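**Student:** Quick one, structure for this:
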Amino acid sequence: MKDSAKQSVDCADFDLARTLGSGQVFHWEKCGGGYAGTIGSKGVYVEQHGSRLVFRGVTAETIRNYFALDHPLAEICRSFPNDSAMRAARDFCEGLRIMRQPRWECLATFITSSMKQVAHIRQISRTLRTRYGKKERITDCDVHSFPPANRIAELTEQELRACALGYRAKNLLATARLIASGEIDLEQWGARSDESLRAHLCELPGVGAKVANCVMLFAYERLHAFPIDVWIERVLKAKYFPRRRVVRTEELRTFSAKYFGSYGGYAQQYLFHHARTSKASGAPRPITRAS
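**Tutor:** Numbers count the residues shown, from 1 in each chain. As a prediction, the model looks like this:
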């Protein structure tokens with residue numbers, strides 16, 4: 001497919017590299033002076049020049065929506081609690097935005113992420129895409145879209161295990177078949193309340209509270225959703241409960257919902273990215289995303 005013409009959009013208060021590398025998505029690759037990947041089924045190339053994004057492959061509206069360039073980032077950051085851990089994360093993560101991901105792609109990716117390091121999640125995503133997704137060439141880079149649910153549903157558990165999914169293969173296959181059969185509709189679920197959406201997500205094979213909150217945040221734009229994986233649990237205990245020997249996960253969930261407020265998902269992502277990429281925390285590495 002021949003590349004489309006380059007376009008550009010304003011992107012004030014946005015850092016492309018930081019956003020793509022923050023553990024929300026796992027398929028974008030360095031290409032020339034920018035990044036190549038897909039948005040839905042479309043191959044995309046994008047690079048940043050100051051406060052402009054230069055891109056090709058999709059419309060400006062798609063770029064603005066996908067990278068959430070309409071989120072009031074300054075307002076969001078002002079809403080964060082004024083404590084030392086949050087201030088450090090906010091300053092470190094300047095320009096990082098919570099993206100709007102396709103729902104099936106996000107759900108499937110986080111089902112495969114359980115107890116996996118970020119590098120392993122990227123490899124699984126790459127393998128699924130190259131074997132079963134649609135290939136497209138853009139700006140001298142090959143990209144592959146994430147295979148739709150009906151394509152995954154046609155596979156066997158053994159074929160998925162060959163993509164290094166391990167026990168996750170069974171869960172991904174079962175969920176894909178529920179979607180392909182029409183038994184569930186992820187798009188219609190967008191109208192559900194938070195409680196209902198979380199409950200329905202948790203009924204899917206391979207989805208617990210942590211994965212459900214990741215999907216709510218990254219695919220359904222529930223910006224207060226606060227995923228607590230092993231890494232965030234460590235950060236919360238170290239920064240907010242330093243004198244407590246035992247803090248239950250349910251207690252952390254209650255604390256996070258009240259303390260971080262309506263933009264808790266942003267606060268969580270900033271804390272996660274800061275802790276993962278800085279040496280200040282002194283926590284063990286490598287880490288997992290949604291274990």
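**Student:** what about the strands in this protein?
**Tutor:** Applying DSSP state E to the chain gives strands spanning 7-10, 29-31, 34-39, 42-49, 52-56, 135-138, 141-144.
**Student:** Excluding chain neighbours, what is closest to residue 187?
**Tutor:** Leaving aside its chain neighbours, residue 187 sits nearest to residue 103 (6.6 Å; criterion: C-beta to C-beta, 6 or more residues apart in numbering). Every C-beta, even on glycine, is put in place using the N, C-alpha and C of the backbone.
**Student:** Over to residue 37?
**Tutor:** Nearest non-adjacent residue to residue 37, counting by C-beta to C-beta, 6+ apart: residue 28, 3.8 Å away.
**Student:** Could you check the pLDDT of that neighbour?
**Tutor:** Residue 28 is assigned a predicted lDDT (pLDDT) of 97.
**Student:** which residues touch it?
**Tutor:** Taking C-beta atoms under 8 Å, 6 or more residues apart in numbering as the criterion, residue 28 is in contact with 20, 35-37.
**Student:** How many residues are close by residue 189?
**Tutor:** Other residues near residue 189 come to 17 when the count uses other C-beta atoms under 10 Å.
**Student:** looking at the strands of the chain, which is buried most?
**Tutor:** Among those, strand 34-39 has the highest mean neighbour count (mean count of other C-beta atoms under 10 Å), at a mean of 24.
**Student:** neighbouring strands for that strand, and are they parallel or not?
**Tutor:** The strands that strand 34-39 pairs with in its sheet are strand 29-31 (antiparallel), strand 42-49 (antiparallel) (by DSSP bridges).
**Student:** With distance to residue 135 as extra columns, can I get the ones you listed in JSON lines?
**Tutor:** JSON lines is the format used below for the strands paired with strand 34-39 (distance: least, C-beta to C-beta, whole Å):
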{"stretch": "strand 29-31", "distance to residue 135": "14"}
{"stretch": "strand 42-49", "distance to residue 135": "9"}
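**Student:** mind checking which of those strands is nearest residue 199?
**Tutor:** Across these, residue 199 has its closest neighbour in strand 42-49 (32.4 Å, C-beta to C-beta).
**Student:** Show me how far the closest one is from its chain's centre.
**Tutor:** Relative to its parent chain, strand 42-49 has a centroid offset of 18 Å by C-alpha atoms, centre = their mean, to the nearest Å.
**Student:** who are the neighbours in contact with the residue nearest to residue 187?
**Tutor:** By C-beta under 8 Å, 6+ apart, the residues touching residue 103 are 186-187, 189-190, 215, 219-220.
**Student:** and it, how far is that from residue 175?
**Tutor:** 12 Å (C-beta to C-beta, to the nearest Å).
**Student:** now residue 155
**Tutor:** 13 Å.
**Student:** okay, the two: which has more neighbours?
**Tutor:** Set side by side, residue 155 and residue 175 show more neighbours around residue 175, with 23 against 20, by other C-beta under 10 Å.
**Student:** my read: the more buried one touches residue 201, true?
**Tutor:** No: at 10.0 Å, residue 175 and residue 201 do not qualify as touching, with contact defined as C-beta atoms under 8 Å.
**Student:** got any residues that touch both of those two?
**Tutor:** 107, 207.
**Student:** closest to residue 9 out of the strands paired with strand 34-39?
**Tutor:** strand 42-49 (9.8 Å).
**Student:** contacting residues around that closest one?
**Tutor:** For strand 42-49, contacts defined as C-beta under 8 Å, 6+ apart pick out 1, 3, 11, 14-17, 31-38, 53-58, 62-63, 136-139, 141, 143, 145.
**Student:** and the angle from that strand to strand 52-56?
**Tutor:** Orientation note: strand 42-49 sits at an angle of 150 degrees relative to strand 52-56 (axes from the mean of the first three to the mean of the last three C-alpha atoms, to 10 degrees).
**Student:** before we move on, back to that, just flag the most distant two among the contacts of residue 28.
**Tutor:** Taking C-beta to C-beta, no two of those sit farther apart than 20 and 36, at 10.9 Å.
**Student:** how much space between the residue lying closest to residue 60 once chain neighbours are set aside and residue 66?
**Tutor:** Excluding the flanking residues, the one nearest residue 60 by C-beta to C-beta, 6+ apart is residue 9, at 4.9 Å. In this view, residue 9 and residue 66 are 11 Å apart by C-beta to C-beta.
**Student:** And for residue 224?
**Tutor:** Distance of residue 224 to residue 66, computed by C-beta to C-beta: 21 Å.
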